[in-house]
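> From the sequence below, what's the structure:
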Amino acid sequence: MKAYNIIAATIAAFCAASCAHRADDSHRAAAPDIEVTDVTVDSVTLYKNFPGTLIADASVSVVARVNGTLTGKHYTSGDIVNKGQVLFTIESTTYRDAVVQAEAALTTARSNYDYATRQRTAMEKAYASDAVSEMELEQARSNERNAQAAIKNAEAELSSARTNLGYCTVTAPISGRISDNAMSVGNYVSGEGAPVKLCDIYDNRNMLAVFAIEDIALTQSVNSALRRDRNHIPVSFGRKLDHDYTAALDYVAPDMSNSTGTMELKATIANPYDELRPGMYVNVSLPAGVDPQAILVRDASLSTDQLGKYLYVVNDSNRVVYTPVQTGDIVRDSMRIITSGLHPGQRYVTSAMLKVRDGMTVNPISSK
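Next comes the predicted model:
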């Protein structure tokens, strides 16, 4: 009987252990595989953002400088035009007539000079033989000098007439993207009194980010930028563009503005893809310091709710913990600085955030 009891007790104990093992296996099987990674701790450069506006590196207003009817427009608004390309034509009859008259006046002046020269030569010979007085000779020399001066005046008048005639064909002074015409063909322009604007051309191959900083930020940001790398300053825009850009800080105003208490800066941005336009808003990020022990997480792992940003942290018991965090800037394109809420050594969920919940037990797998 005793042996029977011992055998029964042994069987019961075995069954209990087996059932507990199966329950534990079932519990493990129920925990989903979730990718996690460790919080990164590294030295990062901190930036301060300054809002600014883009302007073209070079821009000109194309103007009419003569009077006349606008007879032609020879470009498509918004296109890129080349330096020297014909843009407008202005009725030129009056200026062509002026050139003809100036050419005739120059011919007359040269003829008068030739006559005065021959007369002066004849007077010198006559004076040598006492046929004329010294006063008559001096008059002949004066006439020659006046005739020579008349040639110079006629040449100047002809040059001016040809210049004005040239203004009847309006060409692009620089290469760049051109605006719409300010005056339609058929309108009369009065450009002689004051230049009349016809359009604008913007050379957008390089853009200038114009921004200002306050006095407090001067030593922290500008000096830091100049010491580090003034040729690769991060910039961003109001919307995400297809390409990333950096700027070269190349102008710092020598004084502070009395009215605003700020100092103007300019940074050049290369525009090889022609995405940037004058008037766009830009944020210029100047280095403001270094955090040698910054806490970094993958930006894609952050979620947002009514309370702000949060992460799903996995504790030592493999349970998910809802963890609110305070965030800083993006660094290295995809990493986000965490200013509070995390500490080194913690793990956080990197994928399938919609499948996990606070308090859930998971089987953590290191993500790549």
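
> where does the protein have low pLDDT?
Where the chain drops to pLDDT under 70, the residues are 1-29, 215-222, 224-226.

> tell me the phi and psi of the residue nearest to residue 293 when sequence neighbours are not counted?
Closest residue to residue 293 in three dimensions, ignoring its sequence neighbours and counting by CB to CB, 6 or more residues apart in numbering: residue 41, at 5.8 Å. The C-beta positions use only the backbone N, C-alpha and C, and glycine is treated the same way. The main-chain torsion angles of residue 41 are listed as degrees, to the nearest 10 and equal phi -120, psi 120.

> Okay, and the beta partners of residue 189?
With DSSP bridges as the criterion, residue 189 is bridged to residue 68.

> these two touch, right, it and residue 89?
No: using CB atoms under 8 Å, residue 189 and residue 89 do not qualify as a contacting pair, with a distance of 11.4 Å.

> Neighbour count for those two, which is higher?
A side-by-side neighbour count of residue 189 and residue 89, using other CB atoms under 10 Å, places residue 189 first with 22 against 17.

> residues near residue 210, how many?
The local packing of residue 210 (other CB under 10 Å) involves 16 other residues.

> thinking again about what came up before, where's the residue nearest to residue 293 relative to residue 53, distance?
In this view, residue 41 and residue 53 are 38 Å apart by CB to CB, to the nearest Å.

> Equivalent analysis for residue 150, please.
Going from residue 150 to residue 53 by CB to CB gives 56 Å.

> Neighbour count for the two, which is higher?
It is residue 150, of residue 150 and residue 53, that has more neighbours when counted by other CB under 10 Å, with 18 against 13.

> What residues sit buried inside the helix or strand where the more buried one lies?
Counting by DSSP states H and E, the secondary-structure element that holds residue 150 is helix 134-167. Buried residues in helix 134-167, defined by neighbour count with 16 or more other CB atoms under 10 Å: 137, 140, 143-144, 147, 150-151, 154, 157-158, 161, 164-165, 167.

> Give me the distance from the longest helix along the chain to the chain's centre.
Looking only at the chain and at elements set by DSSP state H, the helix with the highest residue count is helix 93-128. Put simply, helix 93-128 sits 58 Å off its chain's centre (CA atoms, centre = their mean, to the nearest Å).

> swap in stretch 285-301?
25 Å.

> buried sites along that stretch?
In stretch 285-301, counting by 16+ other CB under 10 Å, buried: 285, 286, 287, 294, 295, 296, 297, 298, 301.

> count of residues packed around the residue nearest to residue 293?
Residue 41 is flanked by 14 other residues according to other CB under 10 Å.

> Quick check: it touching residue 344?
Yes: contact criterion CB under 8 Å: residue 41 and residue 344 qualify, at 4.9 Å.

> Can you pull the residues that touch both of these two?
Residues touching both residue 41 and residue 344 by CB atoms under 8 Å, 6 or more residues apart in numbering: residue 295.

> show me where the stretch 251-368 of the chain has strands.
262-270, 281-298, 303-305, 308-314, 320-324, 326-331, 335-340, 347-349, 363-366 (DSSP state E, counting those that start in this stretch).

> out of the ones you listed, deepest packed?
Per-residue neighbour counts averaged over each of the strands of the stretch 251-368 of the chain give the maximum for strand 347-349, namely a mean of 22 (mean count of other CB atoms under 10 Å).

> Which residues does that one contact?
Outside of strand 347-349, the residues within contact range by CB under 8 Å, 6+ apart are 34-39, 297, 301, 311-314, 320, 323, 342, 356, 362, 364.

> and if you look at stretch 334-344?
Stretch 334-344 is contacted from outside by 39-41, 44, 291, 294-300, 302, 311, 313, 323-331, 348, using CB under 8 Å, 6+ apart.

> and stretch 228-235, how far from the chain's centre?
When C-alpha coordinates are averaged (CA atoms, centre = their mean), stretch 228-235 and its chain have centres 14 Å apart.

> Any chance you could give me that stretch in PDB, C-alpha atoms only?
Included here for stretch 228-235 are C-alpha records, laid out as PDB according to Å, rounded to 0.1, in the frame of the first residue of the first chain:
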ATOM      1  CA  ARG A 228      34.000  74.900 -37.400                       C
ATOM      2  CA  ASP A 229      32.900  74.700 -41.100                       C
ATOM      3  CA  ARG A 230      31.400  77.800 -42.600                       C
ATOM      4  CA  ASN A 231      31.000  76.100 -46.000                       C
ATOM      5  CA  HIS A 232      28.600  73.300 -45.000                       C
ATOM      6  CA  ILE A 233      25.900  74.900 -42.800                       C
ATOM      7  CA  PRO A 234      22.600  73.000 -42.700                       C
ATOM      8  CA  VAL A 235      19.500  74.700 -44.100                       C
END
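
> residue contacts, the closest residue to residue 251 other than its chain neighbours?
Here the nearest residue to residue 251 in space, its sequence neighbours aside, is residue 266; by CB to CB, 6+ apart that works out to 3.9 Å. Residue 266 makes contact with 208, 209, 210, 249, 250, 251, according to CB under 8 Å, 6+ apart.
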